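**Q** got a predicted structure here, sequence first:
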Amino acid sequence: MPRRTKIVATLGPATDDPKALDKLIQAGVDVCRINFSHGSVGEHKARAETVRNRARACGRQVGIIADLQGPKIRIGSFMNSCVELTEGTMFTLDAELGMQAGNENSVGILYKALPNDVGRGDTLLLDDGAITLWVDDVAGTRIHCRVVTGGILSDKKGINKRGGGLSAGALTKKDRQDIKTAAKLEADYLALSFPRNAEDVNLARDLLRKAGGHGGIIAKIERAEALTNIDEIIEASDIIMIARGDLGVEIGDPELPGVQKKLIAKARRMNRVVITATQMMQSMIENHTPTRAEVMDVANAVLDGTDAVMLSAETSVGKHPAKVVAAMSKICLGAEKQREAMISTHRTGTTFGYIDEAIAMATMYTANHLGVAAIISLTESGSTPLWMSRISSGIPIYAMTSRIKTCRRVTLYRGVYPVSFKLDFSDQSILNREAIDDLVRRDAVRDGDLVIITKGDLAGITGGTNTMKVVKVGGLHTPGYCNISS
């Protein structure tokens, strides 16, 4: 069986060599992430072009995520590059201090509004929580803090507020320019950093459309406020990403496992895709094999129903990018063998709002109870295979479409595999036969297998799926199939 959980790999210096990228694709990467926090527009363009070219050469469809940097809530720099903070001492964050003037007593901050967002008793976490400061007093531009957890603090480390509440908008001036770049790159998805509500997501979508982009929107859940508004954020987005770094700092790591499970379940219930990210295989930046804790982390996300698992520094700057992808692929496959990954009670007690949605649900119920070998979804937009993929199943779903953008979009859907396929056959029996023959050539099905085909009466109509047909491979010219149409 093909792997159902998708793998997202972040591009960087370690993958810039086309040979390294070939190995990454051959190891099984499904989607490549371009991190706009690092690199120039020229580098982003070169990486996107290389991905498309190498994927084509390898006979694969590989999607691209353009990931926006978001607001830089960071400290400035130190005169000697770093200082050591001692527990119990005082340390000041000063919005008016020069960006290179930091010392053992104080440091500047890039986010000038921070003194307005905090007050006595708040907890600030620096460097992903490695340094903890308790706010003692705010005087004008200065935040006077007591060091609760000390250590070495170096230049430009991030700042988080425990419990959230920072007023920084999700889209900076740089992000707005980067959205235009993402549109030019024809990115399949745009990842929005630090969204607080549906308005942030809708604004990002509007700006992308005005720039000529057609990609979906990924809302990165990394603020405490996002959890308060989670339903509206999920509803407004196409995908959510559980960005466990900043989120863990804001809500506390002990809360993170439970929140992750709830977010995965909620996203699936709301027919949205979900990516689990951050430090999933962190040890493999240096090492050849993952730790058992990392194996358990990836496997648990798969068992919970995540659509995709993501690699960051492991592939962008790590020593073994292809080995990391290969190792993660094996873990996913192992977890997918478990019964928990193949059963579902999704939407058994609800009604459907669309005909194609109803066909998708009927297809998965039939497939899971009839011994079907594969599902073919002849699709324009990819919505029918998306709905199908919300049902846990071990049956592969082949999204056959003539639209290259749809091919790339479904690369993130769990259990869905893109197939470039012409849908312009006027004779429905020829269309069915060609679709089945395609799977036979891929060695995905064989004579005697049952296959379900979903399609619309009219080709080229988005949302027009209204037919489910059960056929036997090798028996397309004989009676005995079931045809359900609205």
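**A** The structure has been received and is ready for your questions. Residues are numbered from 1 along each chain as shown.
**Q** how many neighbours does His369 have?
**A** By the measure other Cβ atoms under 10 Å, the count of residues near His369 is 8. In short, each C-beta sits where N, CA and C put it, glycine included.
**Q** what's near enough to touch Met241?
**A** Residues near Met241 by Cβ atoms under 8 Å, 6 or more residues apart in numbering: 191, 218-221, 274-277, 310.
**Q** what do you get if the cut-off is 6 Å, keeping everything else the same?
**A** Taking Cβ atoms under 6 Å, 6 or more residues apart in numbering, we find Met241 in contact with 218, 220, 275, 277.
**Q** who's in contact with the closest residue to Cys332 other than its chain neighbours?
**A** Nearest residue to Cys332 in three dimensions, chain neighbours excluded: Thr5, at 4.2 Å (Cβ to Cβ, 6 or more residues apart in numbering). The contact partners of Thr5, taken as Cβ under 6 Å, 6+ apart, are 302, 332, 414.
**Q** let's see which of the contacts of Met241 end up in strands.
**A** Judged by DSSP state E, the contacts of Met241 include 218, 220, 275, 277 as members of strands.
**Q** the third one reaches Met310, doesn't it?
**A** Yes - using Cβ atoms under 6 Å, Ile275 makes contact with Met310 at a distance of 5.5 Å.
**Q** what do these two both touch?
**A** Counting by Cβ under 6 Å, 6+ apart, nothing touches both Ile275 and Met310.
**Q** from the contacts of Met241, pick the one nearest Gly212.
**A** The shortest approach to Gly212 among the contacts of Met241 belongs to Ile218, at 18.7 Å (Cβ to Cβ).
**Q** export the ones in strands among the contacts of Met241 as CSV, with columns for distance to Asp447 and pLDDT.
**A** Formatted as CSV, the ones in strands among the contacts of Met241 follow (distance: Cβ to Cβ, whole Å; pLDDT from 0 to 100):
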residue, distance to Asp447, pLDDT
Ile218, 41, 98
Lys220, 47, 98
Ile275, 38, 98
Ala277, 42, 97
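**Q** out of the residues you listed, who's nearest Ile234?
**A** For those, the nearest to Ile234 is Ile218 (11.3 Å; Cβ to Cβ).
**Q** tell me the pLDDT of Ser426.
**A** Looking at Ser426, its pLDDT reads 67.
**Q** ok, now Asp22?
**A** pLDDT, read off for Asp22, is 96.
**Q** the strand or helix carrying it: what's the following helix or strand?
**A** Assigned by DSSP states H and E, Asp22 belongs to helix 18-27. Later in the chain than helix 18-27, the nearest helix or strand by DSSP H and E is strand 31-35.
**Q** I'd like the next helix or strand past that next one.
**A** helix 41-57.
**Q** and the next helix or strand after that following helix with helix 41-57, angle?
**A** Moving toward the C-terminus from helix 41-57, the next helix or strand (DSSP H and E) is strand 63-67. Angle, strand 63-67 to helix 41-57, by axes from the mean of the first three to the mean of the last three Cα atoms, to 10 degrees: 160 degrees.
**Q** for strand 63-67, packing partners?
**A** Helices and strands touching strand 63-67, by 3 or more Cβ pairs under 6 Å, 6 or more residues apart in numbering; DSSP states H and E, are strand 31-35, strand 189-192.
**Q** let me see the domain layout of the chain.
**A** Domain assignment for the chain, taken from automatic domain parsing, gives 6-70+169-338, 82-161, 355-485.
**Q** out of those, which is closest to Gly76?
**A** domain 82-161 (3.3 Å).
**Q** now do the end-to-end distance for the closest one.
**A** 22 Å (Cα to Cα, to the nearest Å).
**Q** cool, and stretch 157-173?
**A** End to end - Cα to Cα - stretch 157-173 spans 21 Å.
**Q** list the buried residues for that stretch?
**A** Neighbour counts over stretch 157-173 (16 or more other Cβ atoms under 10 Å) mark 157-162, 164, 166, 168, 170-172 as buried.
**Q** which of those residues sit farthest apart?
**A** Arg162 and Leu171 (24.2 Å).
**Q** what is the neighbour count of Arg442?
**A** By other Cβ under 10 Å, neighbour count at Arg442 equals 13.
**Q** got phi/psi on it?
**A** Dihedral pair for Arg442: phi -80, psi 0, per degrees, to the nearest 10.
**Q** run through the stretch 301-450 of the chain and note the low-pLDDT ranges.
**A** Filtered on pLDDT under 70, the stretch 301-450 of the chain yields the residue ranges 341-353, 424-426.
**Q** and the strands in it?
**A** 308-311, 374-378, 397-401, 416-420, 450-456 (DSSP state E, counting those that start in this stretch).
**Q** partners of the third one, with directions?
**A** Going back to what we said before, that points to strand 397-401. Paired with strand 397-401 in the same sheet, following DSSP bridges, are strand 374-378 (parallel), strand 416-420 (parallel).
**Q** can you show me the CA trace of the first one as CSV?
**A** Extracted C-alpha coordinates of strand 374-378, given in CSV (Å, rounded to 0.1, in the frame of the first residue of the first chain):
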residue,chain,number,x,y,z
ALA,A,374,-9.0,1.6,-5.1
ILE,A,375,-11.1,4.7,-5.6
ILE,A,376,-10.9,6.9,-8.7
SER,A,377,-12.2,10.5,-8.3
LEU,A,378,-12.5,12.3,-11.7
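**Q** what residues does it touch?
**A** Strand 374-378 has contacts (Cβ under 6 Å, 6+ apart) with 367, 384-385, 395-400, 423, 435, 439, 444-445, 451-455.
**Q** closest one to Thr141 among the strands paired with strand 397-401?
**A** So among these, strand 416-420 is nearest, using Cβ to Cβ, at 51.8 Å.
**Q** hey, C-alpha coordinates of the closest one in PDB?
**A** Provided in PDB are the C-alpha atoms of strand 416-420 (Å, rounded to 0.1, in the frame of the first residue of the first chain):
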ATOM      1  CA  VAL A 416      -5.100  11.000  -1.900                       C
ATOM      2  CA  TYR A 417      -2.700  10.600  -4.900                       C
ATOM      3  CA  PRO A 418      -2.700  13.000  -7.800                       C
ATOM      4  CA  VAL A 419      -2.900  11.700 -11.400                       C
ATOM      5  CA  SER A 420      -2.700  13.900 -14.400                       C
END
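**Q** can you mark which positions in that strand are buried?
**A** Buried-residue list, strand 416-420, by 16+ other Cβ under 10 Å: 416-419.
**Q** out of those residues, who's nearest Ile64?
**A** The nearest one, if we look at those relative to Ile64 and count by Cβ to Cβ, is Pro418, at 13.5 Å.
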